[in-house]
Structures are given as C-alpha cells and as structure tokens.
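Colleague: any chance you can model this:
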Amino acid sequence: MGIILILLIAVGLAMDSLAVSISGGIVMRPFCMRQALRLAFTMGIFQGGMTLFGWLMGVSFSSYITTFDHWIAFILLGFLGGKMIYESFREEETTISSFSTKTLLTLGVATSIDALAVGISFAFLGVRNFAAILPPIGIIGFVSFALSFIGLMFGIRFGCGIARKLRAELWGGIILIIIGTKILIEHLFLS
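Modeller: Numbering: from 1, shown residues only. Here you go, the predicted model:
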C-alpha cells in the first residue's frame, strides 16, 4: 500500500477529529498547552488504536472472504464517506463543553469508529502481518494528532466561523469514497 494512499486515508479519518478540535479551541479560553496536547494525543491514539483493532478483527476472518474483499472495502469506505458527507450538511455540531478525561475518551471513541472500519479494510486488502500495519497506524495516529492540534489552534484563533467554512467532514467523506472506488477499480480491472 503506497504512502500517498495511506496519507489520504489518514487525512480522511482525521476530519472528524479536526472538526471536534476546532470546537474545542472555540471554548478553550485562555489557551492551555496541557489541555491542547491531551486533546490531540487522545484523537491520535484513538484513531491509530481503532485502526489496529479493526485490522486485528479483519485478519482473523479475512481469509474466508478473499474473493469479494475488495467489495467489502469499497462498501465500508463508501458508507463511511457517505455518512461523513451527510453529517457535514447537518446543522448540529459536536462540541466540547469541558476537557475532562471522560469527555476526551468519549470524543476519542466517537471520532474513531471510522478508523475501525478502515482497519478491517486494510486486512481485506492484504495487509497480513503486524510489521506491515505499523506504518499505516503510525501515520494515521500522527496525522490525527497534528490535525487535531492545528484544529484547536484554528478554533482558538478564528472561532466558530472557520469550522463551517472548512467543511472538514465533507472533504473527509469525499476522500474516503474516492479511495474506496480506487480500490474497487484496481481489483476489478487492473488485477
């Protein structure tokens, strides 16, 4: 799996974390580096961890469905992308009212469910050993950390107007649908 594809997947997954972090920056007054790092680390760890967990689940049963695994990856990524695009048009926004451990853990789980499905997709795409999954997990975790930290800074600096203008979930959804379509086309026509 190429580094560009992994980076695109990581950016697509990090869009939920970015949107939540922007809202966290809006409510964080005054700026607190400790809280900012807690939020960014939580997002990065959960995105990477859920990808690993999904991969472990997928590896355990992927050998039974190798003849149609590309369809599963396409459907999972298409569904997640469609869900993100749909949610980008809803008026309701996820916000952070506090930076408590409970709040951060809840947001970490809520924003990383997509990463679980992507981890399953990695298993279906032939990533079979632990050494091969470590780079994607590291990249996904780091990109989520970095974009969450940047989102927090944007929220602090520009307020809620920037969150609506960025349409982060919309772009993340489009990226995931494109990746799913690419996987399907490669397996159907280029294999």
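Colleague: for residue 68, see how far away residue 77 is.
Modeller: Residue 77 sits 15 Å away from residue 68, going by Cβ to Cβ, to the nearest Å. C-beta coordinates here come from the backbone N, C-alpha and C atoms, glycine included.
Colleague: what does residue 79 give?
Modeller: From residue 79 to residue 68 the distance is 16 Å (Cβ to Cβ).
Colleague: residue 155 - nearest residue in space that isn't next to it in sequence?
Modeller: residue 25 (2.2 Å; Cβ to Cβ, 6 or more residues apart in numbering).
Colleague: list the buried residues of whichever strand or helix holds residue 60.
Modeller: Using DSSP states H and E, the element containing residue 60 is helix 33-61. For helix 33-61, burial by neighbour count (16 or more other Cβ atoms under 10 Å) applies to 35-36, 39-44, 46-52, 54-55, 58-59.
Colleague: now swap in stretch 179-191 and tell me
Modeller: Buried residues in stretch 179-191 (16+ other Cβ under 10 Å): 179-180, 183-184, 187.
Colleague: likewise for stretch 118-135?
Modeller: So stretch 118-135, judged by 16+ other Cβ under 10 Å, has buried residues 118-125, 127, 133.
Colleague: avg pLDDT for that stretch?
Modeller: Across stretch 118-135, the average pLDDT comes to 88.
Colleague: ok, stretch 54-71 next?
Modeller: If you average the pLDDT values across stretch 54-71, you get 78.
Colleague: how close does residue 23 get to residue 36?
Modeller: Residue 23 is 13 Å from residue 36, by Cβ to Cβ.
Colleague: also residue 184?
Modeller: 39 Å.
Colleague: same check on residue 154?
Modeller: Taken as Cβ to Cβ, the span from residue 154 to residue 36 is 12 Å.
Colleague: same thing with residue 58?
Modeller: For residue 58, the distance to residue 36 - Cβ to Cβ - is 33 Å.
Colleague: also residue 123?
Modeller: On the measure of Cβ to Cβ, residue 123 and residue 36 end up 34 Å apart.
Colleague: which stretches of the protein form helices?
Modeller: For the chain, the helices defined by DSSP state H occupy 3-27, 33-61, 69-88, 101-124, 130-158, 160-166, 168-189.
Colleague: out of those helices, which gets the lowest mean score?
Modeller: Mean pLDDT values for the helices of the chain show the minimum at helix 160-166, a mean of 57.
Colleague: roughly how far is stretch 10-25 from the heart of the chain?
Modeller: Its chain's C-alpha centre and that of stretch 10-25 lie 8 Å apart, by Cα atoms, centre = their mean, to the nearest Å.
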